[in-house]
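K.L.:
just a sequence and a predicted model for now, questions to come.
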Amino acid sequence: MNQYYPPLFLTLKRIVVCPSKSVLLPLFATALACQSASAVDNEVAKSSTEAEPADEYLISGTIVTAQRMQSSLRAHSGSIAILDNSALDLIGHSHIQESLNRLAGINFHRNNGQEYLPAVRSPVLTGPGACGGFLVMENGVPIRPNGFCNVNELFETHSEQAQRLEVIRGPGTAFHGSNALHGLIHVLNAAEINRPSSLFLQEGPHDFSQLGLSLANDTWGLALTTAHDGGYRDESGYDQQKLSVRHASRNKKLEVITDFTATNLNQETAGFAVGKDAYKGSQLSKVNPNPEAYRDASSARLSSKITFANDLQITPYARYSEMAFLQHFLPGTPLEENGHHSIGLLSHWQYPLNEQLLVQAGVDLEYADVWLKETQAEAVSGSPFLAATIPLGKHYDYQVNSLLTAPFARIQWQPADALSLTFGLRFEHQQYDYNNRMLSGRTRCVFLPTMNTDFRPS
């Protein structure tokens, strides 16, 4: 009922800029991105680890998600799927669901705008379980603090220009922690260095347009994506902007790769179409029963991956996110506002004891300041039960300081070419300092605007 029907896009696929000659080479002047589904799936299969076992890439390819340094696919005992840059360029998604659902065992349900509900070897999940068991990372760093998540948080990654998507289907390893109980999605290298600079433009129905620009040389990379969608339902469009910058410096003893990503989303959200056989009516399916609903979200992340010659790697990072959205799917349509500031450090060291035995260890540290506020502006309509249990005013108002300390170790033993045994251990100590900024308990509070923040029980 709230499903999006993808249109056929008229796409100016790629214009590649050759930095040495400063000329434009149009690879495709105009191309209809409406290839048959079988052709797209075949190309994606060739470009991902879902290929035939005889494919050399499956045996000798490298991944970065299973471990913090590049490792062979053969060294990972779990189930992992990959979409590389050729597959992602072919798809040219405007919503990450369009790419992820091409991988076996993954079935994301696309909601309005940039929203979704995830499924990784599972039913489509809703509520807290829809994000609590999944870890979302970008360039090796989780995008949210440990123990916190948002069901739609993938729109805070720059997946539209990612050079690679890696997905672990099932529990993560000792490197990932408690947020990866059900699976992990890793978005990599939107602002890659040493790649041809390019420009792409997508145009489609419902006033849809998406513009992407990437510039790069041997030390810098920049990627910019802007998108506008008028929505196929009344007042259901969005505007979105994403910027990624990468800087790399290397010498014989040290490599430093610094990544910065900022995103902004302003979305007008459509509610569910209601009524018997509503989905069958072409006119009713375009009606938005919740024109007041919206989602405004912004985020920024900065990290520097420092790799020493002795296989020691440390990654300090800082993150920010803020979001406000009207919960049109709840009685009373309360407004939720949330955000966080966090800093942390990821570390990793590996040492080969011999040709068969590899030891890896590290410690992760993180501090986060997280807050959430939910308020209801008008009295709920409906049954007396709803009116009594969902009061006017504040529902939640709290702030949490969290501190994470997580040492880990891993030993990999390969006694034979066809046999590898891995032993991993991770210990997490998560501390929360919770500050409730309203009345405690199940009470009814009334907001007095003239007194700004005074709430009185009634």
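P.N.:
Perfect, thanks for sending it. If you're wondering where the values come from, they're calculated on a predicted model, not measured in any experiment.
K.L.:
only C-alpha atoms for contact and neighbour calcs from this point on.
P.N.:
Noted.
K.L.:
could you check how far the nearest residue to E98 once chain neighbours are set aside is from F200?
P.N.:
Counting by C-alpha to C-alpha, 6 or more residues apart in numbering, I91 is the residue found nearest to E98 once chain neighbours are left out, at 7.6 Å. Note on I91: its distance to F200, by C-alpha to C-alpha, to the nearest Å, is 13 Å.
K.L.:
do the same with N310
P.N.:
Going from N310 to F200 by C-alpha to C-alpha gives 41 Å.
K.L.:
the more surrounded of those two?
P.N.:
Taking other C-alpha atoms under 10 Å, N310 and F200 do not tie; F200 has more neighbours (17 against 11).
K.L.:
model confidence score at that one, please.
P.N.:
Listed pLDDT for F200 reads 92.
K.L.:
what does L181 give?
P.N.:
84.
K.L.:
please apply the same query to T269.
P.N.:
91.
K.L.:
over to it: give its phi and psi.
P.N.:
The phi and psi values for T269, taken as degrees, to the nearest 10, are phi -100, psi 140.
K.L.:
N179 now?
P.N.:
With angles defined as degrees, to the nearest 10, N179 sits at phi -80, psi -10.
K.L.:
residue contacts, the closest residue in space to it that isn't next to it in sequence?
P.N.:
Counting by C-alpha to C-alpha, 6+ apart, L135 is the residue found nearest to N179 once chain neighbours are left out, at 5.1 Å. L135 makes contacts with 142, 176, 179-181, 183-185, as judged by C-alpha atoms under 8 Å, 6 or more residues apart in numbering.
K.L.:
most neighbours, which of these?
P.N.:
Busiest of those [other C-alpha under 10 Å] is L184, holding 26 neighbours.
K.L.:
could you find the closest non-adjacent residue to the residue nearest the centre of the chain?
P.N.:
By C-alpha atoms, centre = their mean, the chain has its centre lying nearest to L154, at 2.3 Å. Distance criterion C-alpha to C-alpha, 6+ apart; nearest residue to L154, sequence neighbours excluded, is V136 at 7.0 Å.
K.L.:
isn't that neighbour up against P142?
P.N.:
Yes - in this structure V136 lies within contact range of P142 using C-alpha atoms under 8 Å: 5.7 Å.
K.L.:
bridging residues for E138?
P.N.:
Under DSSP bridges, the beta-bridge partners of E138 are V141, V187.
K.L.:
residues near it, how many?
P.N.:
A count of neighbours around E138, defined by other C-alpha under 10 Å, yields 23.
K.L.:
give me the pLDDT for it.
P.N.:
96.
K.L.:
do the same with Q67
P.N.:
Confidence at Q67, expressed as pLDDT, is 76.
K.L.:
how about G177?
P.N.:
On the pLDDT scale, G177 is placed at 86.
K.L.:
isn't it right next to G424, touching?
P.N.:
No - with contact defined as C-alpha under 8 Å, G177 does not reach G424; the gap is 11.5 Å.
K.L.:
in terms of neighbours, single out the busier of these two.
P.N.:
G177 (20 against 14).
K.L.:
which ones are touching that one?
P.N.:
Contacts for G177 (C-alpha under 8 Å, 6+ apart) come out as 426, 428.
K.L.:
look up phi and psi at it.
P.N.:
Torsion angles, degrees, to the nearest 10, at G177: phi 90, psi -170.
K.L.:
how much space separates it from L135?
P.N.:
G177 sits 9 Å away from L135, going by C-alpha to C-alpha.
K.L.:
on that earlier part again, would you turn the contacts of L135 into TSV with secondary structure?
P.N.:
Output for these, formatted as TSV (DSSP: H, G, I helix; E, B strand; the rest coil):
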residue	secondary structure
P142	strand
H176	coil
N179	helix
A180	helix
L181	coil
G183	strand
L184	strand
I185	strand
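K.L.:
taking those together, which two end up most distant?
P.N.:
Greatest spacing in those, by C-alpha to C-alpha: P142 and L181 (13.9 Å).
K.L.:
the residue nearest to L154: neighbouring residues, count only.
P.N.:
Neighbours of V136 (other C-alpha under 10 Å): 24.
K.L.:
starting at the chain centroid, how far to whichever strand or helix holds it?
P.N.:
Taking DSSP states H and E as the definition, V136 sits inside strand 134-138. Put simply, strand 134-138 sits 6 Å off its chain's centre (C-alpha atoms, centre = their mean, to the nearest Å).
K.L.:
for stretch 302-318, same thing?
P.N.:
With C-alpha atoms, centre = their mean, you get 22 Å for stretch 302-318.
K.L.:
end-to-end on it?
P.N.:
End to end - C-alpha to C-alpha - stretch 302-318 spans 5 Å.
K.L.:
flag every buried residue along it.
P.N.:
In terms of neighbour count (16 or more other C-alpha atoms under 10 Å), stretch 302-318 has its buried residues at 302-308, 312-318.
K.L.:
nearest to V363, of the contacts of L135?
P.N.:
So of these, ranked by how close each gets to V363 (C-alpha to C-alpha), first place is H176, at 11.2 Å.
K.L.:
can you pull the contacts of that closest one?
P.N.:
L135.
K.L.:
distance of it from F325?
P.N.:
Note on H176: its distance to F325, by C-alpha to C-alpha, is 29 Å.
K.L.:
got any ranges where the stretch 51-200 of the chain has weak pLDDT?
P.N.:
Scanning the stretch 51-200 of the chain for pLDDT under 70 picks out 51-64, 74-75, 128-129.
K.L.:
okay, helices next: where are they in it?
P.N.:
56-60, 85-91, 97-100, 129-132 (DSSP state H, counting those that start in this stretch).
K.L.:
likewise the stretch 301-450 of the chain?
P.N.:
Counting by DSSP H, counting those that start in this stretch, the helices of the stretch 301-450 of the chain are 384-389.
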